[in-house]
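J.: Fold the following, please.
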Amino acid sequence: MNRCTQPGCTGEVEADGFCDVCGMAPAAAPPPASSAPQRAPQQAPSAPQAAPHPAPQSAPQSAPQSISRPAAAFNPAHTGPAPIGPSPGGPAQPARTASPVRPAALPPMPGYPGAYGRPPGSAPAAPGPPPVTTPATPAPPAGMPPGSSGQSGRGGQGASYGSAPTGGSGSVGSGRTASRGGTRGTGSSGSARRGMLGAGLVEVPPVPARDPASAIMENPEVPENRRFCSKCDEKVGRSRGGRPGRTEGFCRNCGHPFSFTPKLRPGEMIGGQYEVLGCLAHGGLGWVYLARDHNVSERWVVLKGLLDTGDADSLAAATAERAFLAEVEHPNIVKIYNFVRHGESGYIVMEYVGGRSLKDILLSTRQAQGDHAALPLGQVIAYGLEVLSALGYLHGVGLLYCDFKPDNAIQSEEQLKLIDLGGVRRAFDPDSPIFGTPGYQAPEISSQGPSVSSDLYTVGRTLAVLSFPFRGYTGRHLRSLPPREEVPLFQRHESYHRLLRRATHPDPARRFQSAAEMAEQLTGVLREVLSAEDGRPRPAPSPLFGPEQQTAGTEIVGALDGDAGDGGAPPVLAPVEPAAAAAALPVPLVYASDPAAAFLAGLTARDPADLAAALASAPAASREVRLALVRVRIELGDLDGAAHLLEDIAAEAPDDWRVDWYRGVRALAGGRGTEAVAVFNDLYDLAPGEQAPKLALAFCHETLGETAAAGYYYETVWRTDPTHVSAAFGLARTRLAAGDRASAERVLDSVPRISSHYLAAQLAAVATVVRGRGPAELTAPVLIEAGRRLSSLRLDTERSAAFAAEVLEAALTWVRADRGSAPPGVRQQILGTDLDEQALRRKLEEVYRVLAKLADGAEQRHAMVKRANAVRPRTLF
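T.: Got it, this is the predicted structure:
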């Protein structure tokens, strides 16, 4: 492979002719300084390719709003937990081509998260997280004309007009239009705007706003290696025989005129209002100029011209951008102010965004830290959330962005904005050319056209490019992610890897189906990532599951309850039982639109038998009532009855992810751990930001004896969200099984005081320190600390005496083994007793006699008396 010759790039050119770092074709020769001054804005995409015509598709029937197939994720009327997962069809993202192809008949827009579940007739595979509803969004503006995206070839510097110069990724045109299809998704009942950059969880380094005047190009020229015919994509304006290439002329291939000469000069007044100051960049739709608005506070504005005034598609694209974007109002999208004509040309007047593109930020990081550097994952996810907010807004008003990539988002101060809206099109536009960029564009564009899921595909690819050294993303990994074993980041953050896999799945039906759905899961992944990095938990209510109401595996085995099977000390914590683990798993939320939702919300019974009786009086045998009854039957041990109910619900709603959830719960309760692992693993793929599938996997692996895998998932859940106390006790069990007492003690100590299981955790920590340990493993400070911890707890007499006996027995064993004694003049005490043999014997006798008085039966009482007699101090009589 050859080294990339793009300025500032450290990548290598692969066999496909594109760089594995910047995604561009190599420059024929370093552009002259005048062509690409350091102050010039970022450069545009590399060579486009025309996509074939897609086959026409018929518009699908609209789906009714229901629990299993809620309305589009951005539908404010949806009030229940959204569906999880893919749908049978769903187009992908558009592409820009030098000679745009007119799309064929246009299928409907998928912005609707299909019902929970997999597409009908498909095999259960790579599930994804639930769709999430977004706040109410405006309806598409009345009278908005059909969207038309102009084409963009390789010939141009990027239109990221406020940023530092970098090589852009080429947008290519494809001849396909949007299509739609229902999908399985995981939507929440609603998701509010997250606010500041980073969802309020990440402090992203601010990028100082750039002085607009410093961004003006000194000698505005389009480098020869980026000059292409806007009609046939043939190379134009190239050097020949030692003579420089022409900036204006006619294409030798098709005869179409071309011009790369700026049409406006500094000092020109446009529309009697805007004074041109100079060129900022050259993009797919032509030159971008900096100007000053003399009518509005002398503000800086950007004028975006046309690549070629003789090109009808370019003119239509610019006009369409004006019509579309004049009505767009979102803090993360560049604002369009006006549209003016000057001579025979038209210009869009838009907000100036000073800052740096995400691609600039990434390249500068690599230049400073090396070729394999990437942006911090938390920062990348923060960017992703901002982009999803903007895309969700566009989708909500019936628009598709089509060509998102790192070049097209600029950070200024602490705000991120989408720019270069030339590829934006109406979701149902059958005529406009489609824009996209190799390495980011969804694979189905040429056959199905753009869609909500294809827009989200571009976000997934962008996240990947920014977060790890994604070499080959325009070549060998053009339509895939690298294997997990090749990417250390994937190995450290499994949930992030699963999220990217779903976002970039080759099948649009298995991707996220709304920006809000993806944002919901991405936020969950962000919490998990940040907690893994700094150890601080970041709990948050789940959009899909209720809070923990039961726990499993929190029972402590008393030292006096009997010996272990091998004759040693009994375990500190009892092994978790499959049925108890199944009952402790979180319960999926009820859809608020269900006829029985109010009835179910009013149920207060906790006992399964009482709940079964209450459900029998439900006003209707709705799906929510039957799902509640499934759980009750599982808890009562009626696994066959639960299976019959699940089959009925699945026949009615095959895409409801909760059917799979309860199938996994039923398998776990029945002791079929391997079957349950397969189900919950699919649900983890579907909802990578949720903790419930991970907790379920932890329980399953533990019941199968796979303590290492169980410990991994327990730790992930507990580290992220300490409201799942079952995970803390499970993690402690796995640590004890591995012989790591110190780690187990730290985990138990981390159970908060406000938890109802705090006492159990503290008692388990006491037992962890002393139980089953020989004298050589104990020290006076360890024993004294165990006694202090026990004394600090408010316990009933019997429990206090039982654990005191265990601590005192350990201390007596240690003293009798002559492991040490207090220094002269120093008095060491444990539980109010001197740390010497006679004192410990007297205290132990006292404790055992207390336990004998509190014994439930004669056999236990005799055992305690026997222990008291055996330990009492020896006398002469």
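
J.: From here on, just use CA atoms for contacts and neighbour counts.
T.: Will do.

J.: excluding its backbone neighbours, what's nearest the residue nearest the centre of the chain?
T.: The residue lying closest to the centre of the chain (C-alpha atoms, centre = their mean) is Leu522, at 2.1 Å. The spatially closest residue to Leu522, leaving aside those adjacent along the chain, is Gly689, at 6.2 Å (C-alpha to C-alpha, 6 or more residues apart in numbering).

J.: quick one: the one you found from Phe545, how far?
T.: Distance from Gly689 to Phe545, counting by C-alpha to C-alpha, to the nearest Å: 12 Å.

J.: neighbour-wise, which of those two wins?
T.: Taking neighbours as other C-alpha atoms under 10 Å, Gly689 and Phe545 compare with Gly689 leading, 29 against 18.

J.: Do I have it right that that one meets His493?
T.: No - Gly689 lies out of contact with His493 (C-alpha atoms under 8 Å); the separation is 11.4 Å.

J.: could you point out the longest strand in the chain?
T.: Using DSSP state E, we find that the single longest strand of the chain is strand 274-283.

J.: now it: mean pLDDT?
T.: Averaging pLDDT along strand 274-283 gives 91.

J.: now do stretch 722-734
T.: Per-residue scores along stretch 722-734 average to 98.

J.: ditto for stretch 685-696
T.: Per-residue pLDDT over stretch 685-696 has a mean of 98.

J.: tell me how far the ends of it are from each other?
T.: Distance across stretch 685-696, first residue to last, is 13 Å (C-alpha to C-alpha).

J.: can you check stretch 367-378 too?
T.: Taking C-alpha to C-alpha, stretch 367-378 runs 20 Å from one end to the other.

J.: Please apply the same query to stretch 408-418.
T.: End residues of stretch 408-418 are separated by 6 Å (C-alpha to C-alpha).

J.: Sketch out the low-pLDDT regions of the protein for me.
T.: 1, 5-10, 14-196, 284-285, 306-324, 562-568, 819-826, 875-877 (pLDDT under 70).

J.: now with 50?
T.: Counting by pLDDT under 50, the chain shows low-confidence ranges at 29-83, 85-169, 174-182, 188-195, 307-309, 563-566.

J.: just the strands in the stretch 451-600 of the chain please.
T.: Counting by DSSP state E, counting those that start in this stretch, the stretch 451-600 of the chain has no strands at all.

J.: hey, where'd the helices end up in it?
T.: Assigned by DSSP state H, counting those that start in this stretch, the helices in the stretch 451-600 of the chain fall at 452-467, 488-492, 494-503, 515-534, 578-584, 597-601.

J.: Kindly state which of the ones you listed is positioned closest to Pro781.
T.: Between Pro781 and the helices of the stretch 451-600 of the chain, the tightest spacing by C-alpha to C-alpha is seen for helix 515-534, at 30.0 Å.

J.: orientation of the closest one relative to helix 452-467 in degrees?
T.: Helix 515-534 runs at 20 degrees relative to helix 452-467, counting by axes from the mean of the first three to the mean of the last three C-alpha atoms, to 10 degrees.

J.: Are there helices or strands packed against helix 515-534, and which ones?
T.: Applying 3 or more C-alpha pairs under 8 Å, 6 or more residues apart in numbering; DSSP states H and E, one finds that helix 515-534 makes contact with helix 377-396, helix 452-467, helix 494-503, helix 707-720.

J.: re the thing from before, quick check: the residue nearest to Leu522 is in a strand.
T.: No - using DSSP: H, G, I helix; E, B strand; the rest coil, the assignment for Gly689 is coil, not a strand.

J.: Next, the contact list for it, please.
T.: Applying C-alpha atoms under 8 Å, 6 or more residues apart in numbering to Gly689 gives the contacts 129, 495, 499, 520-526, 528.

J.: out of the residues you listed, who has the most neighbours?
T.: Neighbour max across the contacts of Gly689 (other C-alpha under 10 Å) = Pro129, 41 neighbours.

J.: now Leu544: how far from Arg658?
T.: 10 Å.

J.: Find residues that contact each of those two.
T.: Joint contacts of Leu544 and Arg658 (C-alpha under 8 Å, 6+ apart) are Pro588.

J.: who's more crowded, those two?
T.: Under the criterion of other C-alpha under 10 Å, the comparison of Leu544 against Arg658 puts Leu544 first, with 29 against 25.

J.: I'd say that one and Leu589 touch.
T.: Yes - using C-alpha under 8 Å, Leu544 is in contact with Leu589, at 5.6 Å.

J.: returning to what we had before: need the winner for burial among the helices of the stretch 451-600 of the chain.
T.: Ranked by average neighbour count under the criterion mean count of other C-alpha atoms under 10 Å, the helices of the stretch 451-600 of the chain are headed by helix 452-467 at a mean of 28.

J.: picking up where we left off before, generate CSV for the helices and strands packed on helix 515-534, with distance to Glu413 as supplementary columns.
T.: Listed next are these as CSV, based on distance: least, C-alpha to C-alpha, whole Å:
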stretch, distance to Glu413
helix 377-396, 13
helix 452-467, 19
helix 494-503, 27
helix 707-720, 30
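
J.: what's the closest of those helices to Ala618?
T.: Proximity to Ala618 (C-alpha to C-alpha) singles out helix 707-720 among the helices and strands packed on helix 515-534, at 34.9 Å.

J.: what's downstream of the closest one, the next helix or strand?
T.: Next along the chain after helix 707-720, taking DSSP states H and E as the criterion, comes helix 725-737.

J.: so what secondary structure elements neighbour that following helix?
T.: Using 3+ C-alpha pairs under 8 Å, 6+ apart, helix 725-737 sits against helix 707-720, helix 741-749.

J.: Reformat the ones you listed as a markdown table; add mean neighbour count and distance to Gly242.
T.: Formatted as a markdown table, these follow (neighbours: other C-alpha atoms under 10 Å; distance: least, C-alpha to C-alpha, whole Å):
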| stretch | mean neighbour count | distance to Gly242 |
| --- | --- | --- |
| helix 707-720 | 24 | 63 |
| helix 741-749 | 19 | 73 |
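
J.: Could you dump the ones you listed into CSV with distance to Ala374 added?
T.: As requested, the helices and strands packed on helix 725-737 are exported to CSV (distance: least, C-alpha to C-alpha, whole Å):
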stretch, distance to Ala374
helix 707-720, 24
helix 741-749, 32
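
J.: right, so of these, which gets closest to Arg240?
T.: Arg240 sits nearest to helix 707-720 of all the helices and strands packed on helix 725-737, at 62.0 Å, using C-alpha to C-alpha.

J.: and for that closest one, what are the contacting residues?
T.: Residues from elsewhere that reach helix 707-720 (C-alpha under 8 Å, 6+ apart): 527-528, 531-532, 535-539, 691, 694-695, 697-702, 724-725, 727-728, 730-731, 734-735, 737.

J.: Quick check on the residues you listed: which are buried?
T.: Among these, those scoring as buried are 527-528, 531-532, 537-539, 691, 694-695, 697-702, 724-725, 727-728, 730-731, 734-735 (criterion: 16 or more other C-alpha atoms under 10 Å).

J.: Okay, domains of this protein per the record?
T.: Listed domain ranges for the chain are 212-227+259-351, 545-558+569-741, 773-877 (source: automatic domain parsing).

J.: distance between the ends of the longest one?
T.: In other words, domain 545-558+569-741. End-to-end distance for domain 545-558+569-741, by C-alpha to C-alpha: 33 Å.

J.: how close does the residue nearest to Asn408 when sequence neighbours are not counted sit to His330?
T.: Sequence neighbours aside, Ile419 is the residue nearest to Asn408 in space, at 5.3 Å (criterion: C-alpha to C-alpha, 6+ apart). Separation of Ile419 from His330 (C-alpha to C-alpha): 12 Å.

J.: So which of those two has more stuff around it?
T.: In this comparison of Ile419 against His330, neighbours counted by other C-alpha under 10 Å, the higher total goes to Ile419 at 24 against 15.

J.: Contacts only, for the more buried one.
T.: Applying C-alpha under 8 Å, 6+ apart, we find Ile419 in contact with 160, 333-334, 408-410.

J.: backbone phi and psi for it, please?
T.: The phi/psi pair for Ile419 (degrees, to the nearest 10) reads phi -120, psi -170.

J.: repeat for Ile333
T.: According to degrees, to the nearest 10, Ile333 has phi -130, psi 130.
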